[in-house]
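Participant: Dropping a prediction and its sequence here:
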Amino acid sequence: MIRSKYLPVLTTLAIFVAAYVACVLQFPNMLSTRVIGNLLTDNAFLGIAAVGMTFVILSGGIDLSIGSVIAFTGIFLAVSMDTLGLHPIVAFVLALLIATVFGGVMGAIIHYLKMPAFIVTLAGMFFARGMAFLISTQSVPVSHPFYNELQSLYFRLPGGGRLTFVGMVMLAVFIGGALVAQRTRFGTNVYALGGNMQSAELMGVPVARTTIGIYALSGFLAGLSGIVFSLYTSAGYSLAAVGVELDAIAAVVIGGTLLTGGSGFVAGTFLGILIQGLIQTYIVFDGTLSSWWTKIVIGLLLFAFIALQRGILWMSERRRADWRGVGAPA
Amino acid sequence: MSARLVDALKRLAPQLIALAVILALNAAVSRGFFDIQFQNGRLYGSLIDVLNRGAPVAILSIGMTLVIATRGIDLSVGAVMAICGAVGASLIAGGYSLPATLAATIGIGLICGLWNGALVALLDIQPIIATLILMVAGRGIAQLVTEGVILTFNDASFIFIGSGAALGLPMPVLIWVALGIVVALLVRSTALGLLIEAVGVNRRASSLAGVDSRSLLLAVYATSGLCAAVAGIIAAADIKGADANNAGLWLELDAILAVVIGGTSLLGGRFSIIGSLIGAMIIQSVNTGILLSGFPPEFNLIIKAAIIVVILVVQSPASRSLWTFVRPERRREPRQVERVAR
């Protein structure tokens, strides 16, 4: 019997494999490392941001600011390199620092003012987008030899596919994220907070430090995602990445993470990203479907997974009730 | 009656003062802000413009107030606006009569609201997530209806809803004021408002006390869907077309902001529809003021962020306990309020 903890993630895996097989049966060309390489490259920025979102949702919160932070990072990088003439590495470090502090401040507000994460990160979303606009409302192109070098860096896969630098960064972030979630004290604390904040506090979990850490991590990864996005598009634009937070939330939920927090896996989010990418690839291969089908299918998948989660919860509650029934004297 | 009015004014004082200050600032940056002219049988002026442009957010905030009072949230209203605008535009362009189009459009809005309500009330899904589904899928559905183009129409009677005028006022203004009065009377002259607050404070307890919280939640989300449909009709009629990508985009956030500015707590419970309407007007005054002052419109977002932070600090339970600590003579008051609420 499969433990119910793994059921959502295994369902996602089964859906992904089934969908991929169905796609390959219709378009045999989809079974190539080229398609997979592109899938990883095209969704790299979304995947990195979604890892941060996984931690936030595991802790029972939500972060609406990541799309704006990505746009801010992009425009900040472009302007600091183009106008101020900073070296990309200096600009990267500065951008990551700003994004991390920004996330940490939001976490501090959420914890110390005891306000819902939803409204605090909504303010953060407005603020970061406004700051991006203040830097520049134009699309600023980036042309630095270092950028070209990073962009042309890739690992050739058998079959002609390319695992690009940004794809590798995403894979590294997923592996790192999974290790942090499963193998560190911080990760355990995140699960504990999401399971039940009061019990976590009574058990001695440092709630303030963990909450600030979670949102700082989400900010850091949103910043990293902004860097990857900037490498991917070679430009900074303050209107970019609108609504990425929704795609990230969708990926996390489709990946089987419980939205009330406390249960889920970083690996599931990876599958969620792959499913979203697969839908887009299928639409490109088909050629007659419109891109808006992506949104509808993602909406349907969201509904299916939320219904599945409710079902599992309901079943486990019933089983517990049954046990109680057995234990009681007849 | 007059005592009740004074009471209401006292409760809404912070919002009214904020609105007055913003309007005064607007008048300072643009001379003639308060000028109102009467031409061609209707009023013109910046102030009327604020009332008119703020209509969609004001209408959305009516439904959103009720939803937030039940400790929920409705993220889908912007997408529902897009769906309803698309349905309305395609029906009227397809030659259906105005009453049939309006009925069908509002019906679609109600169905969207009931879907959200069913997820929240029957399946017990968190409101943020339940309404996220329609928020993500809704624009896709709207695109499906318009088949990916901006559907335009030329029906004069439908366009009248967006840009016509009656009694000297633009139609959108009349619609939001009327809708606000009807809903406010409905919930405040009956026990409905109290029951909604009860569900928001503690759903389990109110269910145990005999409140039919499921039907109530369904009705509240349906109302939000209905408001979104009306806002969608106005937005479509205003631009004489349905734009599935941009109609109502991010208006859910403005509507939530309007409700929060209006003094309704995101933690559920006590609500004020009039407060939310004033909140919507505050947001629109800021928008208009920035445009008039010649500042880049980008400042808008930073000002909104600042407004949220101020409200957060004021509403936060942490700062409230600090306040009672600083002023010990007030320490008794919140406890009494709490006892009444329980």
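Facilitator: Yep, it's here.

Participant: Am I right that B:V310 sits in a helix?
Facilitator: Yes - read with DSSP: H, G, I helix; E, B strand; the rest coil, B:V310 is one of the residues of a helix.

Participant: Report the rounded mean pLDDT for stretch B:50-63.
Facilitator: Across stretch B:50-63, pLDDT averages out at 91.

Participant: got it, and stretch A:104-112?
Facilitator: 92.

Participant: Count the neighbours of A:T11 for me.
Facilitator: Residue neighbour count, defined by other Cβ atoms under 10 Å in any protein chain shown, stands at 18 for A:T11. Yep, even glycine has a C-beta here, placed from its N, CA and C like the rest.

Participant: closest point of chain B to chain A, which residue?
Facilitator: Distances between chain B and chain A by Cβ to the nearest Cβ are smallest at B:A137, namely 2.4 Å.

Participant: Could you check how far that residue is from A:G277?
Facilitator: 18 Å (Cβ to Cβ, to the nearest Å).

Participant: Just give me the longest helix of the chain.
Facilitator: As the question left the chain open, I've gone with chain A. helix A:292-327 (DSSP state H).

Participant: try chain B instead
Facilitator: Longest helix in chain B, counting by DSSP H: helix B:213-239.

Participant: quick one: that one near chain A?
Facilitator: No - remark: helix B:213-239 sits outside contact range of chain A, by Cβ under 8 Å from any Cβ of the partner chain, the gap being at least 15.4 Å.

Participant: That helix: how far from the chain's middle?
Facilitator: 10 Å (Cα atoms, centre = their mean, to the nearest Å).

Participant: what's the following helix or strand after it?
Facilitator: Sequence-wise, the next helix or strand downstream of helix B:213-239 (DSSP states H and E) is strand B:241-242.

Participant: Spatially central, which residue of the chain would that be?
Facilitator: Went with chain A since none was named. A:A50 (0.2 Å; Cα atoms, centre = their mean).

Participant: let's do chain B instead
Facilitator: Centre of chain B computed as the mean C-alpha position; nearest residue by Cα atoms, centre = their mean is B:S61, 1.1 Å away.

Participant: So that residue sits against B:V260, correct?
Facilitator: No - taking contacts as Cβ atoms under 8 Å, B:S61 lies outside contact range of B:V260: 9.8 Å.

Participant: List the residues that are in contact with both of those two.
Facilitator: B:G279 (Cβ atoms under 8 Å, 6 or more residues apart in numbering or on different chains).

Participant: count of residues packed around the closest residue to chain B within the stretch 201-330 of chain A?
Facilitator: Chain B sits closest to A:G299 of the stretch 201-330 of chain A, with a gap of 2.4 Å, by Cβ to the nearest Cβ. Look at A:G299: counted by other Cβ under 10 Å, it has 22 neighbours.

Participant: Which helix or strand contains the residue lying closest to it once chain neighbours are set aside?
Facilitator: Spatial nearest neighbour of A:G299, excluding adjacent residues (Cβ to Cβ, 6 or more residues apart in numbering or on different chains): B:A137 at 2.4 Å. Counting by DSSP H and E, the element that carries B:A137 is helix B:127-146.

Participant: For that helix, which helices and strands make contact with it?
Facilitator: helix A:244-254, helix A:292-327, helix B:77-93, helix B:98-121, strand B:241-242 (3 or more Cβ pairs under 8 Å, 6 or more residues apart in numbering or on different chains; DSSP states H and E).

Participant: hmm, the one helix or strand A:F270 maps to in reach of chain B?
Facilitator: Applying DSSP H and E as the criterion places A:F270 in helix A:266-286. No - in terms of Cβ under 8 Å from any Cβ, no part of helix A:266-286 sits within range of chain B; the closest distance is 10.9 Å.

Participant: Determine how far the least confident helix or strand in chain A by mean pLDDT lies from the middle of the whole chain.
Facilitator: Ranked by mean pLDDT, DSSP states H and E, the weakest helix or strand in chain A is helix A:292-327, scoring a mean of 75. The chain centre lies 22 Å from the centre of helix A:292-327; the measure is Cα atoms, centre = their mean.

Participant: Just the buried residues of that helix, please?
Facilitator: A:292-299, A:301-303, A:305-306, A:309, A:312 (16 or more other Cβ atoms under 10 Å in any protein chain shown).

Participant: B:T264: how many residues sit nearby?
Facilitator: 28.

Participant: Show me what from the stretch 51-200 of chain A comes close to chain B.
Facilitator: So the stretch 51-200 of chain A meets chain B at A:62, A:109, A:112-116, A:118-120, A:122-127, A:129-131, A:133-134, A:137 (Cβ under 8 Å from any Cβ).
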